[in-house]
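Show me the folded form of this:
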Amino acid sequence: MNLFINELFSNPESFCAKVLIIVFSICCHEFSHAWVALKQGDPTAADAGHLTLNPFKQMGIMSLVMLAFIGIAWGQVPVNPQRMKHRYSEALVAFAGPAMNLILFFAFCLLTAVSALLHVQEAAVNILLIGAILNMVLFLLNILPIPTLDGWAIFRCIFPKIQFEKSEFMKGMAVLAFIMVILFFKYLFLAGLISSRIVTSLLMFLLRATGMF
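Numbering: from 1, shown residues only. I've put the predicted structure just below:
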């Protein structure tokens with residue numbers, strides 16, 4: 001079985017870089033949820049200590065172990081929509097996580113472009129590109145309207161009159177959506193790779209055009 005941890009022995013530098021990028025990105029994602037929730041009037045996550053980038057707090061031991069062994073990780077912060085300011089507050093809090101991943105995507109693309117123009121070692125440039133790809137994957141995955149993902153909370157806020165929990169059809173669609181994600185998960189990485197290369201190339205062109213390089 002091809003476990004993610006096997007890369008630790010075949011390519012330890014790549015393994016460590018990917019783990020650090022994923023952990024950092026997920027912690028930033030969860031921090032954003034907690035921070036926006038606080039701004040929207042809900043201090044639940046802040047009171048629980050989630051205004052931090054500590055992976056043991058934001059992800060937990062089990063998530064970190066699963067990441068090391070099979071490359072799958074998650075994070076979660078507690079929120080209470082009833083304490084928030086208005087009906088769209090929950091959607092704003094939910095979107096804050098994917099939005100952070102989108103910001104990190106552009107940041108990694110910029111770092112990749114600058115590093116390439118400075119002729120930094122290719123291995124370092126590739127690691128930065130991986131950072132961009134992984135954050136685009138996290139953005140695309142979390143924005144999907146599937147239960148337990150951020151996109152679901154956003155979807156419910158946009159369509160509050162639909163009783164999703166009482167609809168057997170919607171429950172069936174949720175299961176089908178999860179299956180589709182598993183089957184087509186590799187295409188999320190393909191989308192991440194394509195978007196990363198396009199944005200990085202565009203940034204390199206703009207940086208050259210400004211005369212900075």
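
Downstream of the worst-scoring helix or strand of the chain on mean pLDDT, the next helix or strand is which one?
One helix or strand of the chain scores below all others by mean pLDDT, DSSP states H and E: helix 168-183, with a mean of 68. Counting by DSSP states H and E, the next helix or strand C-terminal to helix 168-183 is helix 185-209.

same question for that next one, mean pLDDT?
Averaging pLDDT along helix 185-209 gives 94.

got a list of contacts for it?
Residues outside helix 185-209 that contact it (Cβ atoms under 8 Å, 6 or more residues apart in numbering) are 105-106, 108-110, 112-114, 116-117, 129, 132-137, 140-141, 213. (Each C-beta comes from the backbone N, C-alpha and C, glycine too.)

And for the residue nearest to the spatial centre of the chain, nearest residue in space, chain neighbours not counted?
Central residue of the chain (Cα atoms, centre = their mean): residue 138, 3.1 Å from the mean position. The shortest distance from residue 138 to any residue other than its chain neighbours is 4.3 Å, reached at residue 101 (Cβ to Cβ, 6 or more residues apart in numbering).

If any of the contacts of helix 185-209 are buried, give me the ChimeraX selection for them.
Listed next is the ChimeraX selection for buried residues among the contacts of helix 185-209, using 16 or more other Cβ atoms under 10 Å:
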select :105,108,109,110,112,113,114,116,129,132,133,134,135,136,137,140,141
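
Sitting in helices, which of the contacts of helix 185-209 do you find?
105-106, 108-110, 112-114, 116-117, 129, 132-137, 140-141 (DSSP state H).

wouldn't the residue nearest to the centre of the chain be in contact with residue 23 here?
No: counting by Cβ atoms under 8 Å, residue 138 stays clear of residue 23, with 11.8 Å between them.

neighbours around residue 204, how many?
Residues lying near residue 204 (other Cβ atoms under 10 Å) number 18.

pLDDT below threshold where in this protein?
Residue ranges of the chain with pLDDT under 70: 1-2, 161-174, 176-178, 181.

mind running it again at 80?
For the chain, applying pLDDT under 80 flags the ranges 1-2, 147-148, 160-185.

Tell me which helix or strand residue 153 sits in.
Going by DSSP H and E, residue 153 is in helix 150-158.

what packs against that helix?
Applying 3 or more Cβ pairs under 8 Å, 6 or more residues apart in numbering; DSSP states H and E, we find helix 150-158 packed against helix 89-117.

So what angle separates the directions of the helix it packs on and helix 150-158?
Here helix 89-117 runs at an angle of 140 degrees relative to helix 150-158 (axes from the mean of the first three to the mean of the last three Cα atoms, to 10 degrees).

Summarise which helices and strands helix 89-117 is packed against.
Contacts defined by 3+ Cβ pairs under 8 Å, 6+ apart place helix 89-117 against helix 12-39, helix 122-142, helix 150-158, helix 185-209.

how far is the last one from where the chain is centred?
For helix 185-209, the separation from the chain centroid amounts to 17 Å (computed by Cα atoms, centre = their mean, to the nearest Å).

same thing with the second one?
Distance of helix 122-142 from its chain centroid, counting by Cα atoms, centre = their mean, is 10 Å.
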